[in-house]
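Colleague: here is a sequence with its predicted model. Questions after.
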Amino acid sequence: MKGIYQIMKSMEQTLSSYEGINTVTIGDLSEIDLNMQTIYPLAHIELGQAIPPVGRDEGTVTHNMTIFVLDILDQTQTDAREEQETYWGNDNLLDVWHETMQTALQLVESLRRGDLFDAMIQLEAATLDPVYEAFENLLAGWTLSLTIKVPSSAYTC
């Protein structure tokens, strides 16, 4: 059986290995000190619903989780209306969205056919939603909602 410890450790090791991640955290996002400049880019894992083995999926447990991939926006002091290309604004929002999406997609690929797939943590569904929030810092990135299946030790023949 792949228990929560093994799942979380595998996810943490995978996310920590990515060039686009400085820190991996778990739990409630509101409990993380988001003021610390050195933690970004950040991957944060929140556990969701677990579905026990039923019906045709008797040998597996389904887990839902959310992974935030966030970075701090860099803003210039120049008024965006004074820029030559005002469309892009006075921050690096599109750069942050691009980089954090690439990191989230790396994790999806690892679940589809990489190390996490080999560790029997297999992807059922994934969605990405953009984040643009004024927490303590101005943060942007993606929320990756995952549904994964893992083997269950509760399975009986």
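Modeller: Arrived safely. Numbers count the residues shown, from 1 in each chain.
Colleague: ok, the residue nearest the centre of the chain - contacts?
Modeller: With distances taken as CA atoms, centre = their mean, I67 lies nearest the centre of the chain, 2.8 Å away. By CB atoms under 8 Å, 6 or more residues apart in numbering, the residues touching I67 are M11, L15, A43, H44, I45, E46, A104, L107, T143, L144, L146. Every residue, glycine included, has its C-beta placed from N, CA and C.
Colleague: just for the chain, where's the confidence low?
Modeller: 1-2, 57, 76-90, 135-136, 153-157 (pLDDT under 70).
Colleague: go through it and flag its longest helix.
Modeller: Using DSSP state H, we find that the single longest helix of the chain is helix 93-113.
Colleague: what does it contact?
Modeller: Identification of contacts with helix 93-113 by CB under 8 Å, 6+ apart yields 11, 14-15, 18, 20-21, 41, 43, 67, 69-73, 88, 116-117, 121-123, 126, 128, 130, 132, 140-142, 144, 146, 148.
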